[in-house]
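> All I have is the shape, not the residue letters:
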């Protein structure tokens, strides 16, 4: 009985219940508009970049680190797309180059953390400003918006025969790959071991520095992919694209039940967290709630995502039956 209660108290279960509640409340309060195909399409577009970046950031946080430079890498990638397009490069060359630059940005973060032993929080706060500054140097305050329709239509049209936006389709494919890597491979087990006890993982023969470096490189590369998606979705390359988006990404990951201290979390929970955050924001927009309130809601969710899972685990722990080892009876 206690096992069933603890299972019901899993944070992922609570997220599913909250998702259902948001869907029902949204559907009723908007007269059926919330779950309409058109609104779900735009909801998918709104969370596309957040969902993409949340995938590698989940692994980074599970490993006990953090990357706050993800939105700045997105902005730098967008600025590079615009600058190189104006310079006459073809998009077929620009896109892989931009992803490679994103990977290099992640590698810089990873090397500073793993080789110099600097805290990832301080490193990525610094690179957050650095990469955003580089984006402004590259493109300034101008915008480039003359991209071919064959690229920009991926941000304005759904997958044929569905209401699903192309960025969500890309996210679904990457989510499967990241889920397998985290939950069904030795690499994922190493990530959890590092987050739970880095020193113990090192004594167990796990290449801690190499794995952390790989995670930061993945974070930078996927953030660059999100920059490509963002640019084509708005048909505009700007240095300030994605400004402040890191708050929403971190909130979604922590809301999904990933421990900020590392060693605990599931990718399924993060997917649910992304959907819940996006659904709440979309519902508030449909209700004509001001943008300032949306920021407040995101901040509150970030706080709740840290506090609530800890409380749930504490309650579940109290329900765990204690076993006593008794000696032989006389």
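It's in. Quick caveat: nothing in here was measured; it's all calculated off a predicted structure. Numbering: from 1, shown residues only.

> Identify each buried residue in stretch 18-25, please.
If you call a residue buried by 16 or more other CB atoms under 10 Å, then stretch 18-25 has these buried ones: 18, 19, 22. Yep, even glycine has a C-beta here, placed from its N, CA and C like the rest.

> Which helix or strand lies directly C-terminal to whichever strand or helix holds the last one?
When elements are assigned from DSSP states H and E, residue 22 belongs to helix 11-29. Towards the C-terminus, the helix or strand next in line after helix 11-29, according to DSSP H and E, is helix 37-62.

> for that next one, packing partners?
helix 70-86, helix 166-183, helix 186-196, helix 208-234, helix 245-255, helix 267-286 (3 or more CB pairs under 8 Å, 6 or more residues apart in numbering; DSSP states H and E).

> try it again with 10 Å
helix 70-86, helix 91-114, helix 120-139, helix 166-183, helix 186-196, helix 208-234, helix 245-255, helix 267-286 (3 or more CB pairs under 10 Å, 6 or more residues apart in numbering; DSSP states H and E).

> how close does residue 302 sit to residue 288?
24 Å (CB to CB, to the nearest Å).

> More neighbours: which of these two?
Set side by side, residue 302 and residue 288 show more neighbours around residue 302, with 19 against 6, by other CB atoms under 10 Å.

> How far off centre is stretch 300-310?
16 Å (CA atoms, centre = their mean, to the nearest Å).

> nope, stretch 245-253 is what I was after
With CA atoms, centre = their mean as the basis, stretch 245-253 stands 6 Å off its chain's centre.

> again, but for stretch 54-72
Stretch 54-72 has its C-alpha centroid displaced from the chain centroid by 7 Å (CA atoms, centre = their mean).

> Can you tell me which of the helices and strands packed on helix 37-62 is most buried?
Neighbour counts (mean count of other CB atoms under 10 Å) averaged over each of the helices and strands packed on helix 37-62 peak at helix 70-86, with a mean of 27.

> same for that helix, what does it pack against?
With contacts taken as 3+ CB pairs under 10 Å, 6+ apart, helix 70-86 sits against helix 37-62, helix 91-114, helix 120-139, helix 208-234, helix 245-255.

> what would the buried residues of stretch 18-25 look like in a markdown table with pLDDT and distance to residue 119?
Shown next, in a markdown table, are the buried residues of stretch 18-25 (pLDDT from 0 to 100; distance: CB to CB, whole Å):
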| residue | pLDDT | distance to residue 119 |
| --- | --- | --- |
| 18 | 89 | 33 |
| 19 | 91 | 34 |
| 22 | 91 | 36 |
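
> about what we covered before: which of the helices and strands packed on helix 70-86 sits closest to residue 162?
Closest of these to residue 162 is helix 37-62, at 8.4 Å (criterion: CB to CB).

> State the mean pLDDT of the closest one.
Averaging pLDDT along helix 37-62 gives 94.

> how far off helix 267-286 does that helix point, in degrees?
Going by axes from the mean of the first three to the mean of the last three CA atoms, to 10 degrees, helix 37-62 is angled at 140 degrees with respect to helix 267-286.

> from the middle of its chain, how far away would helix 37-62 be?
Centroid separation for helix 37-62 versus its chain: 6 Å, with CA atoms, centre = their mean.

> That one vs helix 245-255, what angle?
Using the same axes, to 10 degrees: helix 37-62 against helix 245-255 is 80 degrees.

> For helix 37-62, which residues meet the burial criterion?
In helix 37-62, counting by 16+ other CB under 10 Å, buried: 39-41, 43-62.

> Tell me the secondary structure of residue 147, please.
Secondary structure state of residue 147, per DSSP: H, G, I helix; E, B strand; the rest coil, is coil.

> Report the contact partners of the nearest residue to it once chain neighbours are set aside.
Counting by CB to CB, 6 or more residues apart in numbering, the nearest residue to residue 147 once its immediate chain neighbours are dropped is residue 235, at 6.1 Å. Listed by CB atoms under 10 Å, 6 or more residues apart in numbering, the contact partners of residue 235 are 143, 144, 145, 146, 147, 149, 151, 152, 153, 155, 156.
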